[in-house]
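Undergrad: I would like to see how this sequence folds:
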Amino acid sequence: LKQVFNKDKTFRPKRKFEPGTQRFELHKRAQASLNSGVDLKAAVQLPTGEDQNDWVAVHVVDFFNRINLIYGTICEFCTERTCPVMSGGPKYEYRWQDDIKYKKPTALPAPQYMNLLMDWIEVQINNEDIFPTSVGKCKEE
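TA: Model prediction:
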């Protein structure tokens, strides 16, 4: 169990939304919808009067956090020896390219590919130009 929660391996801390901000309130609404057993189609619909970019950003961050938790539970079983290729079944192989270290699509073992992918996503999510955190304060009701 220690390996699952070893943040130096794969698990990364959740990105938090600052209480009192509009995104924090949207996050609470999204969580309430997903935990209430309601229709998922209705749960992801843009609430009336809310900004679509804020709503999508909240769901992207939540999705990233959930994927991190799921991956953290299986990463010890997928090693470079047991998962030498990042694939989507026998017909698909994923190759990493970042135009920095990997200038051409490169075959990598699944754990290495996943670590690069999760690091890349985390950089995108933490980029204030893409996902600004200080969008505004929550409206008083």
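
Undergrad: what helix or strand is residue 42 on?
TA: In the assignment (DSSP states H and E), residue 42 maps to helix 40-43.

Undergrad: helix or strand right after that helix?
TA: helix 52-74.

Undergrad: contacts for the helix or strand following that next one next, please.
TA: As assigned by DSSP H and E, the chain's next helix or strand after helix 52-74 is strand 95-96. For strand 95-96, the external contacting residues (CB atoms under 8 Å, 6 or more residues apart in numbering) are 86, 102, 105, 106, 107, 108, 112, 113, 116, 117. Glycine gets a C-beta too; all of them are placed from N, C-alpha and C.

Undergrad: sorry, back to before: now do the helix holding residue 42: which elements does it pack against?
TA: Applying 3 or more CB pairs under 8 Å, 6 or more residues apart in numbering; DSSP states H and E, one finds that helix 40-43 contacts helix 22-35.

Undergrad: that'll do, ta.
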